[in-house]
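**Q** Requesting a structural model of the entry that follows:
(one chain, ligands or ions: 2)
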Amino acid sequence: MATTAQYDAIIIGSGQGGTPLAKALAGANKKTALIEKEHIGGCCINEGCTPTKTMIASGRVAHLIRRGPDYGIHVPYQIGPKNEFTVSMNKIRQRKRDIVSSFRSGSEKGLEAAGVDILRGEATFIDAHSLNVILPDGSHKALRGDKFVVNVGCRPAPPRLDGLESIGKDRVLDSTSIQELGELPEHLVVIGGGYVGVEFGQLFARLGSKVTIVHRGAQLLSREDKEVAAEVLDILRDEKLTIYLEARATSLASAPAETFSLSIATKGGNEIATNVTHLLFATGRVPNTDRLNLGAAGVEVDVKGYIKCNEFLETSVPSIYALGDVKGPPAFTHISYDDFRILKGSLFSDSRAHSGPSVKDRLVPYVVYTDPQLGHVGLHEGEARERYPRMKILTATMPMSYVARALETDEPRGMMKAVVNADDGQILGFTCLGTEGGELMSIVEVAMIAKLPYWKLQDAVFAHPAFAESLNNLWQFLK
Ligand SMILES: Cc1cc2nc3c(=O)[nH]c(=O)nc-3n(C[C@H](O)[C@H](O)[C@H](O)COP(=O)(O)OP(=O)(O)OC[C@H]3O[C@@H](n4cnc5c(N)ncnc54)[C@H](O)[C@@H]3O)c2cc1C
Ligand SMILES: NC(=O)c1ccc[n+]([C@@H]2O[C@H](COP(=O)([O-])OP(=O)(O)OC[C@H]3O[C@@H](n4cnc5c(N)ncnc54)[C@H](O)[C@@H]3O)[C@@H](O)[C@H]2O)c1
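**A** Numbers count the residues shown, from 1 in each chain. Ligands and ions are numbered 1, 2, ... in the order given. You can find the predicted model right below:
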C-alpha cells in the first residue's frame with residue numbers, strides 16, 4: 001500500500017501569495033509541499049499581469065507611431081493621413097511568451113532552491129488534514145498536512161450568449177485565449193467593461209482592430225467615481241472604440257465569410273454589431289473552489305464560492321487558511337502578496353492571539369493599464385462619505401492639462417482627484433487618470449502610509465517638470 005506523505009504545510013495553488021509563502025516556510029525548515037495543477041506562478045505571471053502588460057506595451061508603440069506627426073516625426077512606412085503600419089501578432093505573442101517563460105522559470109527555480117516539494121496535479125480535500133492529488137498521468141497521490149493554505153485563485157467566468165454554438169470556438173475568447181491569437185481580429189466585440197474589457201479593448205483598437213465594448217453598467221469600471229469613468233469613456237471613444245453602456249448582448253447570428261452579427265439591447269433600442277470576427281468575454285471571474293471538495297474539510301464558502309475567512313485569513317477550519325483572489329475581491333497580485341506577508345508570521349506561531357498583521361484597514365492601490373493609466377488608492381468619494389457620514393470631506397479635481405509635463409509630452413488627457421478630511425488634512429483617497437498615473441498614485445500612497453496631511457505635499461519641493469510637481473497644485477481646488 002502506498003504511504004501517505006506527511007507535511008508541516010501544504011500550499012494548494014502557486015499563486016502570488018502561495019509561491020513566496022512556500023519558499024518562506026521551507027526556508028524556516030518546515031516540510032512544505034506546493035501543489036499546482038497548471039503553471040508555477042499562477043495567473044499573474046502566466047495569464048494575467050505579466051503577459052497583458054507586455055502586450056499593452058506593443059499597443060503603446062502603435063499609438064505613438066500613429067501619433068508621430070503630432071510631434072513632427074514621420075516614418076517612411078506611414079502612408080497618407082491614416083498613418084498605416086503593419087502589426088505582427090506573431091511577434092507580439094512571441095515577446096509575451098518569452099517574458100512569461102522567463103518569469104515562470106524564475107519562480108520554479110526559486111521554489112526548488114528553497115527546498116519546496118513541488119507536486120504537479122489537481123488537489124481535492126479528503127478531510128481537514130488530508131488531500132488527494134490527481135497527477136497528470138491520471139494516478140492519485142494522498143498527502144497529509146498540519147496546515148493548509150488555499151491559493152487557488154479564479155478563472156474567467158464562462159461565456160453565456162444565445163447562439164454561441166453557431167460560431168467557431170476559436171472566435172470565442174477569454175482573457176487567456178485572446179493572448180494567443182496569431183492574427184489581429186478584424187472586429188472584436190468585448191462583452192464587459194471592467195479591467196479586462198478596457199485594457200484589451202484599447203490594446204486591440206490600437207493594434208488596428210475595430211473594437212466594440214458592450215457593458216451592462218451605466219459606466220465603465222463600475223468602482224470608479226462617475227467623472228473619472230466618464231473621462232475613460234471619452235478617451236476610449238476618441239480612440240474610435242464603439243462603446244454601449246447599459247447594454248446587453250442578446251443573441252448571435254452567424255453570417256457568411258466567417259463573420260457574424262450580434263444583437264445588442266440598449267436603453268435607446270436594439271443595435272446590431274455586424275461583421276464581427278471575435279468575441280471577448282470579460283464578464284468577471286469565478287473562484288476555483290468548485291472542484292476542491294472544501295465541504296469534506298468543513299471549509300465554508302459564500303454564495304459565489306469564495307472562501308469565507310476573517311481578517312487574519314483563517315477559514316472556518318483552524319488548520320486551513322486562504323489567500324489571494326479565492327477569498328473574494330479585491331483581486332490583485334499585490335493583495336495576494338500582502339496576504340503572504342500576513343500569513344508568514346502567524347501560520348506557525350503558537351497562539352492564534354490575533355495580535356499580528358491583518359487585512360483590516362490596509363490600503364488598496366491598483367492601476368488599470370489603459371493609456372493613460374488609471375491609478376487609485378484608498379477610498380473613492382462615495383465610499384468615504386458613506387464610511388464617515390459626520391466627517392467634513394473635501395475633494396479636489398484637476399485636469400491633467402494643467403500639468404506642465406503632460407503638455408510638454410502632448411499627453412494632456414485625464415484628471416486627478418483627491419478626497420481629504422478637512423479637519424486634519426488626511427488624504428482618504430486619490431485617483432490619477434494620466435500618463436504614469438500609477439506612479440503618481442504611488443507617491444500619494446506613500447504620503448497616506450506616512451499619514452501626511454495634504455499640505456505637506458502642497459508645500460513639498462518636487463523636481464520640475466516631473467508629473468509629481470502637480471501635487472503642489474492639486475490642493476488649491478479643494479472644495
Ligand atoms: C488578464 C488579467 C490581467 C490582470 N492584470 C493585473 C494587473 O495588472 N495587476 C494586478 O495586480 N492584478 C492583475 N490581475 C489579477 C491578478 O492576476 C490576480 O489577482 C493574481 O494573480 C492573484 O492571484 P492568486 O494569488 O489568488 O492566485 P492565482 O495567481 O490565480 O493562482 C492560483 C493557482 O492555483 C492553481 N490551482 C487552482 N486550483 C487548483 C487545485 N485544485 N490544485 C492545484 N492547483 C490549483 C491554478 O492553476 C493557479 O496557478 C489580472 C488578472 C487577469 C485575468
Ligand atoms: N490592471 C489590473 O489590476 C487588472 C487587470 C485585469 C484584471 N484585473 C483583476 O481581474 C478581475 C476580473 O476582471 P474583469 O474585467 O473580468 O471583471 P470585472 O468584474 O472587473 O468587470 C466585469 C464587468 O463586466 C460587466 N458584465 C458582466 N456580465 C456582463 C454581460 N453579460 N454583459 C455586459 N457586461 C457584463 C460587469 O458588470 C462588470 O462591470 C478584476 O476585478 C481585477 O481584480 C486587474
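**Q** pLDDT score assigned to whichever residue of the stretch 151-300 of the chain sits closest to ligand 2?
**A** Nearest to ligand 2 in the stretch 151-300 of the chain, going by Cβ to the nearest ligand atom, is Gly194, at a distance of 1.9 Å. Heads up, the C-betas are built off the backbone N, CA and C, glycines and all. pLDDT, Gly194: 98.
**Q** per-domain residue ranges of this structure.
**A** 5-47+95-155+286-348, 164-283, 372-477 (the TED database).
**Q** check which helix or strand covers Ser442.
**A** Secondary structure from DSSP states H and E places Ser442 in helix 437-449.
**Q** wait, does that helix make contact with ligand 1?
**A** No - Helix 437-449 does not reach ligand 1 (Cβ under 6 Å from any ligand atom); its nearest approach is 9.4 Å.
**Q** so what's the residue in the stretch 101-250 of the chain positioned nearest to ligand 1 up against?
**A** Checking the stretch 101-250 of the chain residue by residue against ligand 1 with Cβ to the nearest ligand atom singles out Gly153 as nearest, at 2.0 Å. With contacts taken as Cβ atoms under 8 Å, 6 or more residues apart in numbering, Gly153 has the following neighbours: 13, 15, 42-43, 287-288, 324-326.
**Q** Please apply the same query to Thr431.
**A** With contacts defined as Cβ under 8 Å, 6+ apart, Thr431 is in contact with 224-225, 228, 374-376, 380, 416-418, 441.
**Q** Apart from its chain neighbours, what residue comes closest to the spatially most central residue of the chain?
**A** For the chain, Phe332 is the residue whose C-alpha lies nearest the centre (Cα atoms, centre = their mean; 5.3 Å). Of all residues beyond its chain neighbours, the one nearest Phe332 is Tyr366 (5.4 Å), with distances taken as Cβ to Cβ, 6 or more residues apart in numbering.
**Q** Contact partners for the nearest residue in space to Thr435 that is not next to it in sequence?
**A** Counting by Cβ to Cβ, 6+ apart, the nearest residue to Thr435 once its immediate chain neighbours are dropped is Glu411, at 4.4 Å. By Cβ under 8 Å, 6+ apart, the residues touching Glu411 are 372, 400, 434-435.
**Q** Closest one to ligand 1 out of those residues, please.
**A** If you rank these by distance to ligand 1 using Cβ to the nearest ligand atom, Pro372 comes first, at 15.0 Å.
**Q** That closest one contacts Asp234, correct?
**A** No - when contacts are counted by Cβ atoms under 8 Å, Pro372 is not listed as touching Asp234 (11.7 Å).
**Q** Between these two, point out the one with more neighbours.
**A** It is Pro372, of Pro372 and Asp234, that has more neighbours when counted by other Cβ atoms under 10 Å, with 24 against 12.
**Q** any idea how far ligand 2 is from that one?
**A** As for Pro372, its distance to ligand 2 is 13 Å (criterion: Cβ to the nearest ligand atom, to the nearest Å).
**Q** give the contact list for that residue.
**A** Under the criterion of Cβ under 8 Å, 6+ apart, the neighbours of Pro372 are 235, 400, 411, 413-414, 433-435, 437.
**Q** got it, and Asp459?
**A** Asn472.
**Q** 10 Å - rerun?
**A** 472, 475 (Cβ atoms under 10 Å, 6 or more residues apart in numbering).
**Q** Tell me where the stretch 151-300 of the chain has strands.
**A** 154-156, 172-173, 187-191, 210-214, 242-244, 248-254, 260-266, 269-276, 278-281, 285-287 (DSSP state E, counting those that start in this stretch).
**Q** which helix of the chain spans the most residues?
**A** helix 89-114 (DSSP state H).
**Q** anything in that helix near ligand 1?
**A** No - using Cβ under 6 Å from any ligand atom, no contact is recorded between helix 89-114 and ligand 1, whose separation bottoms out at 10.3 Å.
**Q** from the chain's centre, how far out does that helix sit?
**A** Averaged C-alpha coordinates place helix 89-114 at 19 Å from its chain's average position (Cα atoms, centre = their mean, to the nearest Å).
**Q** for the contacts of Thr431, which one is nearest Gln94?
**A** For Gln94, the nearest member of those is Leu374. The distance, counting by Cβ to Cβ, is 28.7 Å.
**Q** In terms of secondary structure, what does the worst-scoring helix or strand of the chain on mean pLDDT contact?
**A** Taking mean pLDDT, DSSP states H and E as the measure, the chain has strand 248-254 as its least confident helix or strand, at a mean of 91. The contact analysis (3 or more Cβ pairs under 10 Å, 6 or more residues apart in numbering; DSSP states H and E) places strand 248-254 against strand 187-191, strand 210-214, strand 260-266, strand 269-276, strand 278-281.
**Q** Now for the spatially closest residue to Glu122 that is not a sequence neighbour: which residues touch it?
**A** Ranked by Cβ to Cβ, 6+ apart and with sequence neighbours excluded, the top spatial neighbour of Glu122 is Lys37, at 4.2 Å. Residues in contact with Lys37 (Cβ under 10 Å, 6+ apart) are 12-14, 119-123, 133-136, 152, 288, 291.
**Q** for Val367, phi and psi?
**A** The phi and psi torsions at Val367 (degrees, to the nearest 10) take the values phi -130, psi 120.
**Q** What residues are recorded as beta-bridge partners of it?
**A** With DSSP bridges applied, the residues forming beta bridges to Val367 are Gly375.
**Q** ditto for Ile264
**A** When bridges are assigned using DSSP bridges, the partners listed for Ile264 are Ala249, Glu271.
**Q** Let me see the backbone angles for Asn421.
**A** Note on Asn421: backbone dihedrals following degrees, to the nearest 10 are phi -90, psi 120.
**Q** correct me, but it touches Met391?
**A** Yes - applying Cβ atoms under 10 Å, one finds Asn421 in contact with Met391, separated by 5.6 Å.
**Q** Which neighbours do these two have in common?
**A** Counting by Cβ under 10 Å, 6+ apart, the contacts common to Asn421 and Met391 are 384, 428.
**Q** Surely the residue of the stretch 151-300 of the chain closest to ligand 2 touches Pro156?
**A** No - under the criterion of Cβ under 10 Å, Gly194 is not in contact with Pro156, lying 11.6 Å apart.
**Q** All good on my end, thank you.
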